[in-house]
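K.L.:
Got a predicted structure here, sequence first:
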Amino acid sequence: MKEFDYIIIGGGCAGLSLAYELDINKKLEKKTLAIIEIREKYKRDKTWSFWKVFNHNFEDCVIKSWNSFTINSRYGSHEMKNKKYPYQTIDSGLFYKKVINRLKKNQNIQFLKDIDHLNTKNSFVFNSITSNQVYDTGLWQHFKGIEIETPKNIFDDEIFNLMDFDCDQRNNVHFFYTLPFTKNKALVETTWLSKMNDETLNDYDLQLENYIKETLKIKNYTIKYEEEGAIPLFYPIKKIEQNKLNIGSAGCMTRLSTGYTFLNIQEHSKYISENIEMIKKAKIYHIGKKYEFLDKIFLNVLKRHPDKMPKIFFDMFKGSSEAVIKFLSNKSNFFEDSKVIFKMPKILFIKNIF
Ligand SMILES: Cc1cc2nc3c(=O)[nH]c(=O)nc-3n(C[C@H](O)[C@H](O)[C@H](O)COP(=O)(O)OP(=O)(O)OC[C@H]3O[C@@H](n4cnc5c(N)ncnc54)[C@H](O)[C@@H]3O)c2cc1C
């Protein structure tokens, strides 16, 4: 039976980011790594976006960066600018290609389909797959996005729309998200924050078609790419196992109030690589107690008062762009937290602590 020093289960965003970080930092010159991945072929399947609050390895996979964005709701629209922390979008197709091309050159790395034929007794395992999630209890962020191309230049590609709540809410929380990559190409996404047991919300194609025609006023377009997904807004059960560390979504790297995960994965991959020689003592990833506490209250309000959320999100973005960006990217200090919390309806939040 074959043996490897390290095994990564799941060669997706977290698994590949970690393998890449280990490889570029020459941590695999004398060590062997198996990446267990079930997919037959890699192709673009996700579009990862985030505020770039620190440097990462995938600048060359960025489709587009913006310094301005808008928030729309029935209360109006406002624009935010921030040059220091651009919002970036990564094409997962470019990411997979870049990482796999590099890893294939290292003879100490092997891609395998399953773990069954390996002797794992002496290996350290990084696991990025979750066992079956509980579908009907927790809240999820579920969505469908389509990249559309128009014959004429109609988008302003200097500014993107982070959230447009001026749409049908159906007693849940619903918004559209538009990322104009060029003047005639944009990703338009319909996003719901809800439980997963209401299938009436899943008419994504119709929602997108109506929004593009009626709100964006685009009659003529072709669909170039589609993505659909659901991000759990609750953590998988944490299990501490010897010689095993969970990474990615399975490792609780998702910020529950936003679904943002990509940069947290990058940060922890760097940490693991820096500490690989003493990996058995490495820290489990934590978003931070402060964010866990505030997100819990935020999600309680969202669950109990979905009708109030468009106004809450709208008001949150009314203050300093730097404070809100750093807060949502889990990099805020006490003063920045206070600025964001000050915009929230305090009595409602206090009532929903438990
Ligand atoms: C469509 C979509 C869009 C997203 N957009 C954003 C975004 O804009 N910004 C952001 O920060 N986050 C975003 N996220 C959240 C998060 O960043 C991604 O889900 C990210 O891919 C998580 O990385 P991961 O490695 O944990 O999971 P994945 O990237 O899903 O990797 C898991 C891998 O495990 C493989 N696998 C599954 N089962 C097995 C098995 N039994 N054996 C072996 N391999 C297996 C899968 O094929 C996959 O390659 C998005 C999520 C989705 C679904």
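P.N.:
Happy to help now that I have it. Residues are numbered from 1 along each chain as shown.
K.L.:
quick one, phi/psi of the residue in the stretch 201-350 of the chain that the ligand sits nearest to?
P.N.:
In the stretch 201-350 of the chain, the residue found nearest to the ligand is residue 248; the distance is 2.2 Å by CB to the nearest ligand atom. Backbone N, C-alpha and C define where each C-beta goes, glycine included. Per-residue torsions, residue 248: phi 70, psi -150 (degrees, to the nearest 10).
K.L.:
ok now do it, which residues does it touch?
P.N.:
Contact analysis of residue 248 by CB atoms under 8 Å, 6 or more residues apart in numbering lists 10, 12-15, 128, 261, 265.
K.L.:
Ok, residue 102 next?
P.N.:
Residues near residue 102 by CB under 8 Å, 6+ apart: 20, 23-24.
K.L.:
In JSON lines, list those along with secondary structure.
P.N.:
Output for the contacts of residue 102, formatted as JSON lines (DSSP: H, G, I helix; E, B strand; the rest coil):
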{"residue": "20", "secondary structure": "helix"}
{"residue": "23", "secondary structure": "helix"}
{"residue": "24", "secondary structure": "helix"}
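K.L.:
Closest one of the contacts of residue 248 to the ligand?
P.N.:
The closest of these, once distances to the ligand are taken by CB to the nearest ligand atom, is residue 12, at 1.8 Å.
K.L.:
The residue nearest to the closest one when sequence neighbours are not counted: neighbour count?
P.N.:
Using CB to CB, 6 or more residues apart in numbering and skipping residues adjacent in sequence, the residue nearest residue 12 is residue 128, 6.1 Å away. Neighbourhood size, residue 128 [other CB atoms under 10 Å]: 26.
K.L.:
With residue 267 instead?
P.N.:
Residue 267: 17 surrounding residues under other CB under 10 Å.
K.L.:
contact partners of the helix or strand hosting it?
P.N.:
Assigned by DSSP states H and E, residue 267 belongs to helix 262-274. The contact list for helix 262-274 (CB under 8 Å, 6+ apart) reads 13-14, 17-18, 20-22, 25, 27, 48-50, 52-54, 56-58, 90, 126, 245, 247-248, 251, 253-255, 279, 282-283, 285, 287, 329-330.
K.L.:
If we use 7 Å, what do you get?
P.N.:
By CB atoms under 7 Å, 6 or more residues apart in numbering, the residues outside helix 262-274 that reach it are 13-14, 17-18, 21-22, 25, 27, 48, 50, 53, 56, 247-248, 253, 255, 282, 285, 329.
K.L.:
Could you list the buried residues of the helix or strand hosting residue 7?
P.N.:
Take DSSP H and E as the rule and residue 7 turns out to sit in strand 6-9. Going by neighbour count (16 or more other CB atoms under 10 Å), the buried part of strand 6-9 is 6-9.
K.L.:
Now for the residues you listed: which two are most distant?
P.N.:
Largest separation among those by CB to CB: 6 and 9, giving 10.8 Å.
K.L.:
What is the helix or strand bottoming out on mean pLDDT in the chain packed up against?
P.N.:
In the chain, no helix or strand scores lower on mean pLDDT, DSSP states H and E than helix 346-351, which sits at a mean of 90. Applying 3 or more CB pairs under 7 Å, 6 or more residues apart in numbering; DSSP states H and E, one finds that helix 346-351 contacts helix 289-304.
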